[in-house]
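*Asks:* Everything below, folded, please.
(one chain, ligands or ions: 1)
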Amino acid sequence: MDKLLIQGGQPLDGEIRVSGAKNSALPILAATLLADGKVTVGNLPHLNDITTMIELLGRMGVELLIDERMSVQVDANSIKELTAPYELVKTMRASILVLGPMVAHFGEAHVSLPGGCAIGTRPVNLHVQGLEQMGAEILVEGGYIHAYCKDRLKGAHIFLDTVTVTGTENLMMAAALADGVTILENAAREPEVVDLAECLIAMGADVRGHGTSTIEIHGVESLHGCHFDVLPDRVETGTYLCAAAATRGRVLLKDTREDILEAVLLKLEETGAEISTGKDWIELNMRGRRPRAVNLRTAPYPAFPTDMQAQFVALNAVAEGTGSVTETVFENRFMHVQELIRMGADIDLEGNTAIVRGLDYLTGAPVMATDLRASASLVIAGLVARGETLVDRIYHIDRGYECIEEKLQLLGATIRRIPG
Ligand code: EPU
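*Replies:* Numbering: from 1, shown residues only. Below is the predicted model:
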């Protein structure tokens, strides 16, 4: 298993390019299953999760053409198997995103139930109930969700009792080919949901209200091919900004968007960071100052994202003052706290709140990554710590951060991958 070795203590300084968004690319690759024509998806990040989704489509017999710039052309008409097998689903929960498109387009789908997860129980009941409301017959047996629909799915009025990102995406994709109008109430408003809606529209779907909590989908009989570039990754953007703030450095991020990062940028400004933005770039400069601790509470978009919580815990650990960080989206997303404590951090966990008392410095230590964003927080901690930090199990990082060590090297960090 590869590890990352970090020699901490230097402020980050430099410019890098932000990659395409993982959480937009995954549903959009699943959405290609809805089209009768060829769909090309561009600006895909080089990430293990993207490779897993491409492998999943390939296993179903779907013909794929991948070019050297990671554009992928998908021809869903060549599909042979309507199954997402356990071996792939267990490595990536987002595989559930093929359920809606498959049953809507091909009338049948067999998708392994995703198992447990390091950050919470993460059920998929709302995906299943929504499809049932649209007329799919669903049977859960042998660890698989079997979904059938003889004719077209039917439009339905669906109220989601929890805001769910992939749930909203699965149902929006299924509704695109349903007969009649589907209304999704209490829908997720995340930019990745909006990006998927824009892609569906480029394929000929009639989707309205995306970006609000009520999405209206007027089903059409068929969807056609298109070319679609996924939006920049706001969590990758936020992670590098946070790393620059924690190390008292400066970073210029290109090919990104400030309009989808409002809650995060506000918190970074509260730490004392100077932030300037343009149409497709964001610059953060601490001018060598120590960040101030911030209080925050995660919630669905446009509130502060759960995917940025761990990185801010690391930042607070070396900030001036005490910050309280409350997680409301997932019930067990504080696995990084114990590892940060091993690096000397002063953190108390009280229920779903971490009280972080900022220290002058952390101390390098061997630590273990437990999930994707937790690993990012350990890397940030390693960058600010005195001495060496060895982050183990970085396969978690490789799921969501493209070439993290190369990008950090470009920003002046002393970090290298140790193949294991
Ligand atoms: N939930 C239910 N029932 C459902 C679906 C969700 O109770 O049927 C609950 C979950 O247990 C959770 C809450 O609803 O407590 C929100 O979960 P959501 O469904 O929104 O999460 P997700 O769609 O599985 C996506 C991202 C996550 C991100 C969350 C929240 C993708 C592929 N994944 O997950 O990203 O944390 O939304 O914003 O889009 C990551 O990138 O590191 C990551 C975990």
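
*Asks:* ok, and for stretch 264-275, which residues are buried?
*Replies:* V264, L265, K267, L268, T271, G272, A273, I275 (16 or more other Cβ atoms under 10 Å). Just so you know, the C-beta spots here come from the backbone N, C-alpha and C atoms, and that holds for glycine as well.

*Asks:* With stretch 248-256 instead?
*Replies:* Those would be R248, G249, R250, V251, L252, L253, T256, for stretch 248-256 by 16+ other Cβ under 10 Å.

*Asks:* ok, residues contacting that stretch?
*Replies:* With contacts defined as Cβ atoms under 8 Å, 6 or more residues apart in numbering, stretch 248-256 is touched by 10-18, 232-234, 237, 240-241, 243-244, 280-291, 411-412.

*Asks:* How about the residues of the stretch 301-420 of the chain by the ligand?
*Replies:* T306, D307, V329, F330, L372, R373, G400 (Cβ under 6 Å from any ligand atom).

*Asks:* Among those residues, which pair sits farthest apart?
*Replies:* Across these, the longest distance by Cβ to Cβ is 16.5 Å; it joins V329 and G400.

*Asks:* Same drill for the two, tell me which one is more crowded.
*Replies:* G400 (26 against 21; other Cβ atoms under 10 Å).

*Asks:* Just give the nearest non-adjacent residue to the more buried one, would you?
*Replies:* Nearest non-adjacent residue to G400, counting by Cβ to Cβ, 6 or more residues apart in numbering: L372, 4.4 Å away.

*Asks:* got a list of what the one you found touches?
*Replies:* Counting by Cβ under 8 Å, 6+ apart, L372 has contacts H396, I397, R399, G400, Y401.

*Asks:* okay, it: pLDDT?
*Replies:* As predicted, L372 sits at a pLDDT of 94.

*Asks:* before we move on, what about G120?
*Replies:* For G120, pLDDT reads 78.

*Asks:* With the one 3 residues further on instead?
*Replies:* What the model reports as pLDDT for P123 is 89.

*Asks:* quick one on the thing from earlier: name the nearest of the contacts of L372 relative to the ligand.
*Replies:* For the contacts of L372, the minimum distance to the ligand (Cβ to the nearest ligand atom) is 5.5 Å, reached by G400.

*Asks:* that older thread, now the residues of the stretch 301-420 of the chain next to the ligand in JSON lines, with secondary structure?
*Replies:* Below are these laid out as JSON lines (DSSP: H, G, I helix; E, B strand; the rest coil):
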{"residue": "T306", "secondary structure": "helix"}
{"residue": "D307", "secondary structure": "helix"}
{"residue": "V329", "secondary structure": "coil"}
{"residue": "F330", "secondary structure": "coil"}
{"residue": "L372", "secondary structure": "helix"}
{"residue": "R373", "secondary structure": "helix"}
{"residue": "G400", "secondary structure": "coil"}
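
*Asks:* Output the residues you listed in JSON lines, with distance to C226 appended to each entry.
*Replies:* Listed next are these as JSON lines, based on distance: Cβ to Cβ, whole Å:
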{"residue": "T306", "distance to C226": "31"}
{"residue": "D307", "distance to C226": "28"}
{"residue": "V329", "distance to C226": "32"}
{"residue": "F330", "distance to C226": "34"}
{"residue": "L372", "distance to C226": "29"}
{"residue": "R373", "distance to C226": "31"}
{"residue": "G400", "distance to C226": "26"}
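
*Asks:* how about the residues of the protein near the ligand?
*Replies:* So far as Cβ under 6 Å from any ligand atom goes, the chain lies against the ligand at 23, 26, 94, 120-127, 162, 164-167, 192, 306-307, 329-330, 372-373, 400.
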